[in-house]
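Engineer: this one's structure only:
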């Protein structure tokens, strides 16, 4: 069964940086792409950034220019480098593939809190 393990979250001051990691249980990111999503309290989960199997990246307007998505397919790992963090970036961050033939399976996520 597919599993995702996110890590790297924490408490950071506004303007700070964090690097999130996501390890998948198999070599699926190179085929199905990877997306980062976040869910703030009281809100629905929303996509933040994605990279397709072919390597094309796309960012939501709210993070464009501040976040960078990448992957290491040999390590089955995806990354989200987050710079110039703002309080509104506070959320639980999740990763997943862009195509999910195994169903809607999610990891535990990693909490990011941006506060002074």
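Structural biologist: Good, I have the coordinates. Nothing here was measured: the structure is a model prediction, and the numbers come from that model.
Engineer: Counting neighbours, which bits of the helix or strand of the chain with the lowest mean pLDDT end up buried?
Structural biologist: The weakest-scoring helix or strand in the chain, judged by mean pLDDT, DSSP states H and E, is helix 29-32 (a mean of 88). Buried residues in helix 29-32, counting neighbours by 16 or more other Cβ atoms under 10 Å, are found at 29, 32. In short, each C-beta sits where N, CA and C put it, glycine included.
Engineer: Contacts made by stretch 63-78 with the rest, please.
Structural biologist: 21-30, 34, 36, 48-51, 57, 59, 79-85, 89, 95 (Cβ atoms under 8 Å, 6 or more residues apart in numbering).
Engineer: Make a ChimeraX selection of the buried ones in these.
Structural biologist: Selecting only the buried entries of the contacts of stretch 63-78 in ChimeraX, with 16+ other Cβ under 10 Å as the criterion:
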select :21,22,23,24,28,29,34,36,48,49,50,51,59,79,80,82,85,89,95
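Engineer: Among the contacts of stretch 63-78, which ones are in helices?
Structural biologist: 29-30 (DSSP state H).
Engineer: how close does residue 84 sit to residue 74?
Structural biologist: As judged by Cβ to Cβ, to the nearest Å, residue 84 and residue 74 stand 30 Å apart.
Engineer: How about residue 4?
Structural biologist: 17 Å.
Engineer: Looking at those two, which is more packed in?
Structural biologist: residue 4 (21 against 8; other Cβ atoms under 10 Å).
Engineer: So the more buried one sits against residue 109, correct?
Structural biologist: No: using Cβ atoms under 8 Å, residue 4 makes no contact with residue 109, being 9.0 Å away.
Engineer: Now the common contact residues for these two.
Structural biologist: With Cβ under 8 Å, 6+ apart as the test, residue 4 and residue 109 both reach residue 94.
Engineer: contacting residues for the residue nearest the centre of the chain?
Structural biologist: The residue lying closest to the centre of the chain (Cα atoms, centre = their mean) is residue 36, at 2.8 Å. Listed by Cβ under 8 Å, 6+ apart, the contact set of residue 36 reads 20, 22, 47-50, 67, 69, 78, 80, 93-95.
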